[in-house]
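Asks: Here is a sequence together with a model predicted from it:
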Amino acid sequence: MYILEQKLDPENKEFLSKVRYIITQKEKKIFLELPEEERDEFKEEFWERRDPDPTTEVNEFRMKYFNRIERANELFISEGKPGWLTDRGRIYILFGPPTNRIAEPMGRSPSHQCQEVWYYGNFPVVFVDKTCTGDYDLVTYNLSSLRSLNLRYMHELNLAQSSAQKTIRKGETPLFDFNWKIEKTEVKKEKVEGIIQIGVPYQNIWFQEKNGSLVTTLDLHLELKDKNEEIIWDYNQSYKVKVSEENLKQMKGEKYLIEVPFILEKGVEKLSPGSYQFYVILKNMTGGNVQEKVTIFKIK
């Protein structure tokens, strides 16, 4: 495998390097053993298998992955190698930006070393710089008081990588799915207005029976982020869905529709023209199915 990897041309070497966090061993073996003329097709299918919504022009997974590589290169520049190849870069790419990041200079941490603690919710990820020269290593499997947390972290990391490696066969769509689009209704220097429209096929919704009816709740979370993945606008709302079993049979092919108006006013004049990322996360509370999608939102 190593010899085959060394024989790759620069373009294919770069591809294999960039996807190192998400490519499976089986995929890597196939890629290396393919004839040169078939590798471009492999790369196209590699990203297609990870596209959460093939009906859109944008491959949301690929866009997010490379945006995070670019951002990691900007954030972690002190270790003598590209930021995305550092321990902090790897965690950033797989988990995204932490909800809280605490830097502890020498003498302030329990180990009296320089360290950073990233929090994802209440869960900490610890990086230690033993020499305080800017070279941070992920803390794992040590005998400190954080050992149980580190073991849990490694479990979560393995799940994150497995999720990124997970493939969907061509032509399949997730069981719980929806369509969505954004329409801008007004674009001015001081204000941007629009409507987000979401349609969930009734046949994709999981219900539970209650007092003779089929009921569930859809939890909706929307976020508009800039290139640094900082939230510009967000929205949270729960929607109760209730139908009879007879009506559900008649609504085959119909969708449960959600419309959310949004207005960007505060600080909109500071937003530079360009592409921003609009995320939608929808959770079917019956069964706990979650679907996340992202699209490009352009401000001119």
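Replies: Perfect, thanks for sending it. Residues are numbered from 1 along each chain as shown.
Asks: quick one: average pLDDT of the helix or strand encompassing residue 4?
Replies: Assigned by DSSP states H and E, residue 4 belongs to helix 2-6. Averaged over helix 2-6, pLDDT sits at 76.
Asks: so what secondary structure elements neighbour that helix?
Replies: Helix 2-6 sits against helix 25-33, with contacts defined as 3 or more CB pairs under 8 Å, 6 or more residues apart in numbering; DSSP states H and E. Every C-beta, even on glycine, is put in place using the N, C-alpha and C of the backbone.
Asks: Give the buried residues for the helix it packs on.
Replies: Neighbour-count burial for helix 25-33, counted by 16 or more other CB atoms under 10 Å, picks out 27-28, 31-32.
Asks: Widest-spaced pair of the residues you listed?
Replies: Among these, the pair separated by the greatest distance (CB to CB) is 27 and 32, at 9.7 Å.
Asks: Could you find the residue nearest the spatial middle of this structure?
Replies: The centroid of the chain falls nearest to residue 64 when counting by CA atoms, centre = their mean (6.1 Å).
Asks: From residue 221, how far out is it?
Replies: Computed as CB to CB, to the nearest Å, the residue 64 to residue 221 distance reads 16 Å.
Asks: Show me where the stretch 151-300 of the chain dips below the pLDDT cut-off.
Replies: Low-confidence segments of the stretch 151-300 of the chain (pLDDT under 70): 151-175, 267-271.
Asks: all helices for it, in order.
Replies: For the stretch 151-300 of the chain, the helices defined by DSSP state H, counting those that start in this stretch occupy 245-250.
Asks: Please enumerate the strands of it.
Replies: For the stretch 151-300 of the chain, the strands defined by DSSP state E, counting those that start in this stretch occupy 179-187, 192-201, 208-210, 213-225, 231-243, 255-264, 274-284, 289-299.
Asks: With residue 4 as the reference, name the closest of the ones you listed.
Replies: With CB to CB as the measure, strand 289-299 is the member of the strands of the stretch 151-300 of the chain nearest residue 4 (34.5 Å).
Asks: hmm, who's touching that closest one?
Replies: Under the contact criterion CB atoms under 8 Å, 6 or more residues apart in numbering, strand 289-299 has outside partners 52-53, 56, 58, 60, 63-64, 174-178, 180, 182, 187, 192, 206, 224, 271-284.
Asks: So for residue 128, what's the nearest residue that isn't a sequence neighbour?
Replies: Using CB to CB, 6 or more residues apart in numbering and skipping the chain neighbours, the partner closest in space to residue 128 is residue 115 (4.7 Å).
Asks: ok, back up a step: and which of the buried residues of helix 25-33 is nearest residue 211?
Replies: residue 27 (49.5 Å).
Asks: Residue 51 versus the closest one, what's the distance?
Replies: From residue 27 to residue 51 the distance is 15 Å (CB to CB).
Asks: What of residue 207?
Replies: Taking CB to CB, one finds residue 207 at 28 Å from residue 51.
Asks: a helix runs through residue 91, doesn't it?
Replies: Yes. According to DSSP: H, G, I helix; E, B strand; the rest coil, residue 91 belongs to a helix.
Asks: avg pLDDT for the helix or strand that contains the residue nearest to residue 128?
Replies: Taking DSSP H and E as the criterion, residue 115 maps to strand 114-120. For strand 114-120, the mean pLDDT works out to 87.
Asks: List the strands paired with that strand, with their directions.
Replies: Strand 114-120 pairs in its sheet with strand 100-104 (antiparallel), strand 123-129 (antiparallel), by DSSP bridges.
Asks: Who does the closest residue to residue 242 other than its chain neighbours form a beta bridge with?
Replies: Excluding the flanking residues, the one nearest residue 242 by CB to CB, 6+ apart is residue 215, at 4.8 Å. With DSSP bridges as the criterion, residue 215 is bridged to residue 208, residue 242.
Asks: Likewise for residue 289?
Replies: Applying DSSP bridges, one finds that residue 289 bridges with residue 284.
Asks: re the thing from before, got TSV for the strands of the stretch 151-300 of the chain, with mean neighbour count too?
Replies: Formatted as TSV, the strands of the stretch 151-300 of the chain follow (neighbours: other CB atoms under 10 Å):
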stretch	mean neighbour count
strand 179-187	13
strand 192-201	17
strand 208-210	10
strand 213-225	18
strand 231-243	14
strand 255-264	15
strand 274-284	18
strand 289-299	17
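Asks: and the ones you listed as JSON lines, adding distance to residue 73?
Replies: Converted to JSON lines, the strands of the stretch 151-300 of the chain look like this (distance: least, CB to CB, whole Å):
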{"stretch": "strand 179-187", "distance to residue 73": "29"}
{"stretch": "strand 192-201", "distance to residue 73": "29"}
{"stretch": "strand 208-210", "distance to residue 73": "47"}
{"stretch": "strand 213-225", "distance to residue 73": "18"}
{"stretch": "strand 231-243", "distance to residue 73": "22"}
{"stretch": "strand 255-264", "distance to residue 73": "28"}
{"stretch": "strand 274-284", "distance to residue 73": "18"}
{"stretch": "strand 289-299", "distance to residue 73": "21"}
